[in-house]
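Asker: Show me the folded form of this:
(one chain, ligands or ions: 2)
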Amino acid sequence: MVEISTSILSVKKGEENKAIFALEKAKTDYFHIDIMDGKFVEKNTYDKMFGISSYIRRISNLPLDVHLMVDNVKEAINDFLAVEPNIITFHLESCKEKNEIYDLIKYIKENNCRVGIAIKPCTKIEDVYEFLPFIHMCLVMTVEPGKGGQTLIPETIEKIKTLKVYIEENNLEIDIEADGGINLATVENVKDAGANILVSGTAILMAKDYKVIIDELKKE
Ligand code: DX5
Ligand code: ZN
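Answerer: Ligands and ions are numbered 1, 2, ... in the order given. As a prediction, the model looks like this:
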């Protein structure tokens with residue numbers, strides 16, 4: 001059974017609390033927290049997402065799935081450890097060299113948090129292979145990072161398939177998270193390709209009944 005990680009990036013201003021309670025009731029598996037610094041991507045959601053994730057941590061035990069789209073990964077890790085995330089995912093493209101990636105993986109683990117590495121649509125899936133034995137999840141962006149409500153890029157489905165085969169052939173225990181443009185029209189291809197954690201924001205937040213859409217997305 002796949003898990004759903006609801007992105008709260010596009011939650012309407014002033015309706016944050018209502019949405020959080022409704023998502024908890026609708027049994028989202030994770031809250032997906034999109035942290036953008038205005039440098040790695042154009043938008044800056046840093047303070048807004050810190051506020052919302054702090055609020056969620058106070059009222060909910062559901063796991064926080066933190067997605068860092070930032071240049072200064074170490075600084076963001078230190079800031080967001082405060083909301084006790086279940087997993088922190090940073091972008092391969094934020095790092096200049098391999099040692100930095102290994103140091104970040106180690107640092108996140110030392111702080112009792114699971115680790116994910118994210119790759120943009122233009123990044124080759126092979127670029128993440130060497131890090132897979134040391135992390136818990138690979139986040140394959142199925143849209144360009146930076147905003148919600150985009151259309152899934154079909155070529156990224158192939159990347160998920162290739163990653164799934166590599167994971168199985170190398171007996172690795174690792175989650176594949178697909179992130180961006182996931183809705184009832186695209187979900188089947190993403191699941192068939194091998195993703196087992198699906199991020200969805202717009203498709204869920206625009207629904208009248210969150211539980212109906214979450215159950216639909218999860219359906220085998
Ligand atoms: C985009 C974010 C995604 C996005 C998903 O940079 O990483 O998590 O918010 O939202 P939808 O489902 O609207 O594409
Ligand atoms: Zn995301």
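Asker: ok, Val212 to ligand 1 distance?
Answerer: Plainly put, Val212 is 16 Å away from ligand 1 if you go by Cβ to the nearest ligand atom, to the nearest Å. No exception for glycine: its C-beta is placed from N, CA and C like everyone else's.
Asker: Kindly apply the preceding question to Phe21 instead.
Answerer: From Phe21 across to ligand 1, the span is 20 Å (Cβ to the nearest ligand atom).
Asker: burial measure for the residue lying closest to that residue once chain neighbours are set aside, as a count.
Answerer: Distances taken as Cβ to Cβ, 6 or more residues apart in numbering put Ile59 closest to Phe21, at 7.8 Å, once the chain neighbours are dropped. When neighbours are counted by other Cβ atoms under 10 Å, Ile59 registers 11.
Asker: which phi and psi does Ile59 have?
Answerer: Main-chain dihedrals, Ile59, degrees, to the nearest 10: phi -110, psi -10.
Asker: cool, Glu42 as well?
Answerer: phi -70, psi -40.
Asker: Contact partners for it?
Answerer: Met36, Gly146 (Cβ atoms under 8 Å, 6 or more residues apart in numbering).
Asker: please redo it, this time with the cut-off set to 10 Å
Answerer: Met36, Pro145, Gly146, Lys147 (Cβ atoms under 10 Å, 6 or more residues apart in numbering).
Asker: If we only consider the residues you listed, which is nearest to ligand 1?
Answerer: Proximity of the contacts of Glu42 to ligand 1 (Cβ to the nearest ligand atom) peaks at Pro145, which lies at 3.9 Å.
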